[in-house]
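1. Sequence plus the predicted model coming up.
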Protein chains: 4
Amino acid sequence: MTHSVAILGASGYTGAELIRLISEHPSIKIKALGAFSKAGQKLSEVFSHLRHLDLPDMVAFDTIDWSGIDLCFCALPHKTSQEVIRDLPKTLKIVDLSADFRLRDPADYKTWYGNDHAATQMQAEAVYGLTEFYRDEIAGARLVAGTGCNAATGQFALRPLISAGVIGLDDIILDLKCAVSGAGRSLKENLLHAELSEGYHAYSVGGTHRHLGEFDQEFSKVAGRPVKVQFTPHLIPANRGILATCYVSGETDAVHGALAAAYDAEPFIHVLPKGEAPSTRHIRGSNFCHIGVIGDRIAGRCIVIAALDNLTKGSSGQALQNANLMLGLPETAGLMMAPLFP
Amino acid sequence: MTHSVAILGASGYTGAELIRLISEHPSIKIKALGAFSKAGQKLSEVFSHLRHLDLPDMVAFDTIDWSGIDLCFCALPHKTSQEVIRDLPKTLKIVDLSADFRLRDPADYKTWYGNDHAATQMQAEAVYGLTEFYRDEIAGARLVAGTGCNAATGQFALRPLISAGVIGLDDIILDLKCAVSGAGRSLKENLLHAELSEGYHAYSVGGTHRHLGEFDQEFSKVAGRPVKVQFTPHLIPANRGILATCYVSGETDAVHGALAAAYDAEPFIHVLPKGEAPSTRHIRGSNFCHIGVIGDRIAGRCIVIAALDNLTKGSSGQALQNANLMLGLPETAGLMMAPLFP
Amino acid sequence: MTHSVAILGASGYTGAELIRLISEHPSIKIKALGAFSKAGQKLSEVFSHLRHLDLPDMVAFDTIDWSGIDLCFCALPHKTSQEVIRDLPKTLKIVDLSADFRLRDPADYKTWYGNDHAATQMQAEAVYGLTEFYRDEIAGARLVAGTGCNAATGQFALRPLISAGVIGLDDIILDLKCAVSGAGRSLKENLLHAELSEGYHAYSVGGTHRHLGEFDQEFSKVAGRPVKVQFTPHLIPANRGILATCYVSGETDAVHGALAAAYDAEPFIHVLPKGEAPSTRHIRGSNFCHIGVIGDRIAGRCIVIAALDNLTKGSSGQALQNANLMLGLPETAGLMMAPLFP
Amino acid sequence: MTHSVAILGASGYTGAELIRLISEHPSIKIKALGAFSKAGQKLSEVFSHLRHLDLPDMVAFDTIDWSGIDLCFCALPHKTSQEVIRDLPKTLKIVDLSADFRLRDPADYKTWYGNDHAATQMQAEAVYGLTEFYRDEIAGARLVAGTGCNAATGQFALRPLISAGVIGLDDIILDLKCAVSGAGRSLKENLLHAELSEGYHAYSVGGTHRHLGEFDQEFSKVAGRPVKVQFTPHLIPANRGILATCYVSGETDAVHGALAAAYDAEPFIHVLPKGEAPSTRHIRGSNFCHIGVIGDRIAGRCIVIAALDNLTKGSSGQALQNANLMLGLPETAGLMMAPLFP
């Protein structure tokens, strides 16, 4: 049986990535592509790399006929997304890729995003889309909130460790190295090739990055007490990838053991042999996450490093993984492609 | 029905690309991976990005049990390949990715490669693996010689034009821009990141590049008279892609029409609307080739530009496409994945 | 004796490059920096890499006190430049880096740029700033028009050959590979890192690039008859550099000899030994231009390749070289720094 | 007065960088270039970007006439350097860029480098070349040991903080992001463009990187008690630059104040306004180091980030700065060039 989906925000990078993934999915078919400024254009005009696909043109949202559409992916900017989703048919399953439904508490939302939420009542309904940890809720959900790409990477590295009680909770440091596509297709001077190529820097330093809202919410939930981490993202001259280098206190064997146990049956999360460090080049374009654990020379300290592709496992791949669950399909359908290297 | 294959030279880039592609193929299974210096290693040690696959370890060639193997991909260095292929079981179907069986005439081979051929008798038997132009012969062949990646790109742009008689034959110029992976995984100073990144240059200038042997052989065959082109490759700081900018005399409409007609039914070759230029970023990681035709301000001159991924359509994708034909499978099986962008 | 200069358009890449070069110049001092939207900002806010310099803040143009300023560099967008320059004090020496005064004929200007020129009377006065060929006129000029960066590269390769009569004039092809900074710091989707990195393509194909106006003007002037070339620029994922691969008919020895003779005494133009090809990585950040000549296997055909840094020898370095002449300073002052490699 | 120098190991990246810098130095002249495998070659054959310089050919070390040479730069591999330096004339001033004389204690040397030192008696004589902290000793030294590039970066960020007692000593973490040229021009698979570009990873994780020997030695010396830090380097797809993100306990104002005070009069070290983060792109090709201090949302925690160019301030620029002191020249001579951006 084939399920029909729509993608709103099809002209951005996460939209394009959804189309790429779904183009080979055995039982999902794209029935509508929605866009703002690029409404009316053919897919091949917006994304020449998808010109081989026989897909509908981009249209304005309000012209979409929702009958016969089972699920809608919303790959829209933050704040816009909540306004659009609020008004979608209530029978439609929705996977939101924006930040709008990640935080359950309206106050937290306002703290990190600055505005009042336009669909407060739906915040509680939304299930946090970190598939490996919310599988059952996602399968039964109508609205799933895709996680932040940085938030996903950090949680894959640390969540089982907090859960298992094998690391200290008060001195966790996440130093992230993020590729450029995570910033989207927006026109900003600091995203120009001539600005970025051959250089790198930290941004949102000191605890100001919005994905901290997710770390706080989720880590505190798992720990059963408030947990606050230090988190510094860095912008790296590469297109895809997040590498999270996490500094924790804990015994290396216990840390490696807890991660190996937690992900033993997971199809997408691979814990490397103890002492091996992952690389973003080995997960590019795939839905895999590689995690490495290395003990430090200082006793009781260890380094946990997670690598994933921000556009795939960090957003659109995760979204499709969640959609598979919501539609009763095999979770891995359309997602087992190998990474592209070199 | 599932077919079993072996890959010799599995530790190089074209070997890894074959594994990537076959990992999602519906009816081909990898039964053996052969390597020289990396024999004895696990696939995950050689290519960490393929660690999710359940595949045999790399082994020395002479330990492979060929019974039950239907087809062998040889992704070996030039010269080595002919010696290895000469001694393989005669019942085995073979797709060679090296240069060793591309030239039919032993004298031509010696001219371009410098040594006497070690399996002269097989040169005549080998079918030139440019699928779109040798489809029937390939389907019935035992040994198929994969084309050079530059040679494939140039032929996709020009072959139908020579065939249709719509361009002049004595002033054809191919200016190619080639990504780095085409040079393989070999340790050479000029392939280091610090040498290549942020710079570019022409190499093998003036008619010395070996792929000219293929251009001469094939273009002359199609034209029915000797054709010699000018061909200048350039090394570009990118990992995948070939862009062939071809300067020809001819009427733009006739040129565009001849290409559109030739590739109308082809699943992998897309002729862009007249006046549009292709980009390597829009075919990366895929088996597609995009071709553009633009008329020059100088009457009677036009520019034909072809883009493909050297590791996919230029070598391993082509190899799989040919293997599909040789095994009686749908030609596109395992090859319709969308390009990876960004 | 120290000369004082102003830079209008100091917040763009060519402005920053001028500041970089002049910062080590023995006898030129920057007295004013003019900007539009960034007026009022400190240099360190606009260009953090120049924060070590003790320079004035960016100011609006009309607040600059021109008394005591000997020369003004205009690094402004096309069309804006002519309007600004028209109204500058008539006693001021001016080096314009825009396209506005490159074409002498108002009709040609309109053909290539689409609008009527706002300072027609100054078009005739302006000297074309290709230093090596207009040295004497530049030394005596009040207004010098910096050449296009592509136009400079192509002319360095071909001008002495046309002049010496050693190549055919009716089949010249220039295939250029241009780095990204040539497009400036403007916010365009196709200049984003995620769009450009790892891919490349041709643009303005078929004779539509505006620098053709310069090629037509200059090559025809040198030849004493109309000369029209084919010119295809390509955008390469690198920040600095232009590589011009020129296909010409001519005898290799005569071609190499004519170039070697023309540039024998030039401090910035280096003709490589016959058969060697230049690379953009070997001129990056410098005012040098490397030129190689290679004979083709086809008798009577040869390839001339020129490499320079678009921001240095292609614009700001050239501008300073011209300013040196206009101010009676040694032509090479402040310009002999070695390229940055790797 | 002009001083004459020799460079041993002129065919590597630090050798080339020394030549680049000295080529514009007002009072140092290169009299000999020594190399191993490239002895006998012209400089233009080994480094085409330096072809404009009138310099001697590369020669074997034992053919160099040391009379009239005031100072020798040794840009040789570790272990080779000590053997060569041991046998140089005792009257020669020497700046060593290798790791061989950085550690004062022979036991420490053996711990980190594995072999017995071949010139133990010279280890004590050598002055540690971190100019800003050993200025007087360097001015009077005969042998100066250039620091590790990572070691320099970390020390610029942290040394004044340990000295001033404003940070905790038992929980210092250095997360470094290093460009590729730091690994030199050696032929290793993991340094190939196709391996590195578009990906990044941690290496020498867990306290195994040799530069820790320098951190231990120097930080403990400054603190007057043993100090051990955590240090994780990452390889980033860029050619030049080190970014050290340091996590410390301390009050932001005190930390920023201590750094600002320490570097107030330094020509090359710039402390950014509190809250600003540096970028490697803003120091590329220069001898500058930018340092930023940002307070974390967690009280009492702050982040100190230092950026420098590994080939310039991290090795060859530092070496020239030290040579200036040793020769009685102005410390900044030949080193005030602006960074290259973009």
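-> Noted; the coordinates are in hand.
2. Only C-alpha atoms from now on, for both contacts and neighbour counts.
-> OK.
3. Touching, A:Ala258 and A:Ala164? I think so.
-> Yes: using Cα atoms under 8 Å, A:Ala258 is in contact with A:Ala164, at 6.6 Å.
4. Quick check on the two: which one has the bigger neighbour count.
-> A direct count of neighbours by other Cα atoms under 10 Å in any protein chain shown for A:Ala258 and A:Ala164 places A:Ala258 higher, at 21 against 17.
5. Next up, the contacts around the more buried one.
-> Listed by Cα atoms under 8 Å, 6 or more residues apart in numbering or on different chains, the contact partners of A:Ala258 are A:Pro160, A:Leu161, A:Ala164, A:Val166.
6. can you check A:Arg284 too?
-> Counting by Cα under 8 Å, 6+ apart, A:Arg284 touches A:Arg240, A:Gly241, A:Leu308, A:Asp309, A:Pro339, A:Leu340, A:Phe341.
7. can you put those residues in TSV and add pLDDT?
-> Formatted as TSV, the contacts of A:Arg284 follow (pLDDT from 0 to 100):
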residue	pLDDT
A:Arg240	98
A:Gly241	98
A:Leu308	98
A:Asp309	98
A:Pro339	98
A:Leu340	98
A:Phe341	97
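8. could I get the residues you listed as a markdown table with secondary structure?
-> Formatted as a markdown table, those follow (DSSP: H, G, I helix; E, B strand; the rest coil):
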| residue | secondary structure |
| --- | --- |
| A:Arg240 | coil |
| A:Gly241 | coil |
| A:Leu308 | strand |
| A:Asp309 | coil |
| A:Pro339 | coil |
| A:Leu340 | coil |
| A:Phe341 | coil |
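9. Can you list the buried residues in the helix or strand of chain A with the lowest mean pLDDT?
-> Lowest by mean pLDDT, DSSP states H and E among the helices and strands of chain A is helix A:120-125, with a mean of 92. Going by neighbour count (16 or more other Cα atoms under 10 Å in any protein chain shown), the buried part of helix A:120-125 is A:Thr120, A:Met122, A:Gln123.
10. Can I get it in PDB, CA atoms only?
-> Extracted in PDB, the C-alpha atoms of helix A:120-125 (Å, rounded to 0.1, in the frame of the first residue of the first chain):
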ATOM      1  CA  THR A 120       0.200  26.600  22.500                       C
ATOM      2  CA  GLN A 121      -2.400  23.900  22.800                       C
ATOM      3  CA  MET A 122      -0.500  21.800  20.200                       C
ATOM      4  CA  GLN A 123       2.800  22.000  22.100                       C
ATOM      5  CA  ALA A 124       1.600  19.500  24.700                       C
ATOM      6  CA  GLU A 125       0.300  17.200  22.000                       C
END
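11. And for the very next helix or strand once past that helix, what's in contact with it?
-> Downstream of helix A:120-125, the next assigned helix or strand under DSSP states H and E is strand A:127-128. Residues outside strand A:127-128 that contact it (Cα under 8 Å, 6+ apart): A:Phe101, A:Arg102, A:Tyr134, A:Glu137, A:Ile138, A:Ala141, A:Leu143, A:Val144, A:Ala145, A:Gly146, A:Thr147.
12. same question for whichever helix in chain A runs longest, mean pLDDT?
-> If each helix of chain A is counted by residues according to DSSP state H, the longest one is helix A:149-164. Helix A:149-164 comes out with an average pLDDT of 98.
13. same deal with stretch A:71-79?
-> For stretch A:71-79, mean pLDDT is 97.
14. So which bits of it are buried?
-> Buried residues in stretch A:71-79 (16+ other Cα under 10 Å): A:Leu71, A:Cys72, A:Phe73, A:Cys74, A:Ala75, A:Leu76, A:Lys79.
15. Let me know whether it sits next to chain B.
-> No: residues of stretch A:71-79 contacting chain B under Cα under 8 Å from any Cα of the partner chain: none, with a closest distance of 16.0 Å.
16. how far is that stretch from where the chain is centred?
-> 13 Å (Cα atoms, centre = their mean, to the nearest Å).
17. Which of the contacts of strand A:127-128 fall in strands?
-> In strands, defined here by DSSP state E, the members of these are A:Leu143, A:Val144, A:Ala145.
18. if we can go back for a sec, of the contacts of strand A:127-128, which count as buried by neighbour count?
-> A:Phe101, A:Arg102, A:Glu137, A:Ile138, A:Ala141, A:Leu143, A:Val144, A:Ala145, A:Gly146, A:Thr147.
19. would you turn those into TSV with distance to B:Arg284?
-> Output for these, formatted as TSV (distance: Cα to Cα, whole Å):
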residue	distance to B:Arg284
A:Phe101	34
A:Arg102	33
A:Glu137	37
A:Ile138	33
A:Ala141	36
A:Leu143	34
A:Val144	31
A:Ala145	30
A:Gly146	27
A:Thr147	28
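20. Output those in JSON lines, with distance to chain B appended to each entry.
-> Output for the buried ones among the contacts of strand A:127-128, formatted as JSON lines (distance: Cα to the nearest Cα, whole Å):
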{"residue": "A:Phe101", "distance to chain B": "26"}
{"residue": "A:Arg102", "distance to chain B": "25"}
{"residue": "A:Glu137", "distance to chain B": "27"}
{"residue": "A:Ile138", "distance to chain B": "25"}
{"residue": "A:Ala141", "distance to chain B": "29"}
{"residue": "A:Leu143", "distance to chain B": "28"}
{"residue": "A:Val144", "distance to chain B": "25"}
{"residue": "A:Ala145", "distance to chain B": "24"}
{"residue": "A:Gly146", "distance to chain B": "20"}
{"residue": "A:Thr147", "distance to chain B": "21"}
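21. mind checking the SS state of whichever residue of the stretch 1-150 of chain A sits closest to chain B?
-> In the stretch 1-150 of chain A, the residue found nearest to chain B is A:His49; the distance is 4.0 Å by Cα to the nearest Cα. The three-state label given to A:His49 by three-state DSSP is helix.
22. Run a quick neighbour tally on it.
-> A:His49, neighbours per other Cα under 10 Å, totals 27.
23. Contacts only, for it.
-> B:Arg281, B:His282, B:Ile283, B:Ala338, B:Pro339, B:Leu340, B:Phe341.
24. Could you single out the nearest of those to chain A?
-> Distance to chain A across those (Cα to the nearest Cα) is lowest for B:His282, with 4.0 Å.
25. which SS class is A:Pro267?
-> Going by three-state DSSP: A:Pro267 is coil.
26. Which residue, other than its chain neighbours, is closest to it?
-> Nearest residue to A:Pro267 in three dimensions, chain neighbours excluded: A:Thr332, at 7.6 Å (Cα to Cα, 6 or more residues apart in numbering or on different chains).
27. Show the model's pLDDT score for that neighbour.
-> Looking at A:Thr332, its pLDDT is 98.
28. Now it: which helix or strand?
-> Following DSSP H and E, there is no helix or strand that holds A:Thr332.
29. which phi and psi does the spatially closest residue to A:Ile28 that is not a sequence neighbour have?
-> Excluding the flanking residues, the one nearest A:Ile28 by Cα to Cα, 6+ apart is A:His3, at 4.8 Å. When read as degrees, to the nearest 10, the backbone of A:His3 gives phi -100, psi 140.
30. Check A:Leu71 too.
-> phi -150, psi 140.
31. Tell me how many other residues surround A:Asp62.
-> 10.
32. On the three-state scheme, it is what?
-> Once three-state DSSP is applied, A:Asp62 turns out helix.
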